[in-house]
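Novice: here's my sequence, what's the structure:
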Amino acid sequence: MSSTTPLASLDLTPAPADAPKVGPTRRLVGLARANALLLTRNRMTLSYALLLPLLPLSFLLAGDRGDTTAGTTAMSSVLMLGALFPVFYNLLSLVVTRRDELVLKRLRTGEARDGEILLSMALPGVVAFVLISAVATVALVALGQPAPANPVVAIAAVVLGAAAFAGLAFWTAAWTRNAEAAQLTSMPVILIAVVGNLRAVFPERLQPFVDLTPGAALDALARAGWFGLDVEGADLSFAETFSAAAQPLLVLAAWTALAVWLTLRTMRWEPRA
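Specialist: Numbering: from 1, shown residues only. Have a look, this model is predicted:
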């Protein structure tokens, strides 16, 4: 599932010293557009990035129309898969591949700053995640599910979820030897996402620890933001959805901060020896 599209057709060489200066926004947009183009050229990467996260919606076709239990499961799974594939795994593969092809090293010799380079690689997957969440929301309503109970919480879930898993992708890339190895090094992050999504199957004494995983946070936010439910399935008022969302949002913020800190300490811009 690695993103190994050749770079020969794209001009990513640094601009000449006497070339007109380009603003940071234009640099960021240009780099992000180039990375998005590479994503669209790899059909396998594009399919698992855009289509796989939407597959849980198909389960709604088999159940009773408007069944909120099926709806919460579907939306929670969409968020988990959307964070894992277009954001996390695609970005992990992209960073490792570009590093090994010396693209990152070349980009750093130009005007682009490190933050612009990293953000431009993350943006295509983040935008894909946002689109997936929007399409899933519309599809849920079309299939008889209620409109989002708290759009503010829903939007915050997508934004912080994307930030957390993008940060984890950069950190994982730091100790991933090559694109092929990403299939193994990605397992810890995939595990904490999937385990969190299966919170209900764990004994009650373990659930508070499971709640600290990003997967559990996304599940709780799907319930509160889209369906107005707590993790036990009880109905919440609009005001109560904010209270229910506070802890999972803090969990995602903490994972984001941890991932950024680890990335700053371990980021590699050249191939591993």
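
Novice: and the closest residue to Val135 other than its chain neighbours, how far from Ala254?
Specialist: Excluding its sequence neighbours, the residue lying closest to Val135 (Cβ to Cβ, 6 or more residues apart in numbering) is Leu54, at 6.6 Å. Every residue, glycine included, has its C-beta placed from N, CA and C. Leu54 sits 29 Å away from Ala254, going by Cβ to Cβ, to the nearest Å.

Novice: over to Arg268?
Specialist: 24 Å.

Novice: and what of Pro214?
Specialist: 9 Å.

Novice: more neighbours, those two?
Specialist: Pro214 (28 against 14; other Cβ atoms under 10 Å).

Novice: is it true that that one touches Ile192?
Specialist: Yes - applying Cβ atoms under 8 Å as the test, Pro214 and Ile192 come out as touching, 6.3 Å apart.

Novice: who's in contact with Arg272?
Specialist: Going by Cβ atoms under 8 Å, 6 or more residues apart in numbering, Arg272 touches 177-178.

Novice: what do you get if the cut-off is 10 Å, keeping everything else the same?
Specialist: Applying Cβ atoms under 10 Å, 6 or more residues apart in numbering to Arg272 gives the contacts 96, 99-100, 174-178, 181.

Novice: out of those residues, who's the most crowded?
Specialist: Val96 (29 neighbours).

Novice: am I right that that one is in a helix?
Specialist: Yes - per DSSP: H, G, I helix; E, B strand; the rest coil, Val96 lies within a helix segment.

Novice: hey, what's in contact with both of Pro214 and Ala254?
Specialist: Common neighbours of Pro214 and Ala254 (Cβ under 10 Å, 6+ apart) are Ala164.

Novice: which residues touch the helix or strand of the chain with the lowest mean pLDDT?
Specialist: Among the helices and strands of the chain, helix 43-50 carries the lowest confidence by mean pLDDT, DSSP states H and E, at a mean of 82. Here helix 43-50 makes contact (Cβ under 10 Å, 6+ apart) with 1-5, 38-40, 42, 81-82, 84-87, 89-90, 93-94, 124-125, 128-129, 131-132, 135.
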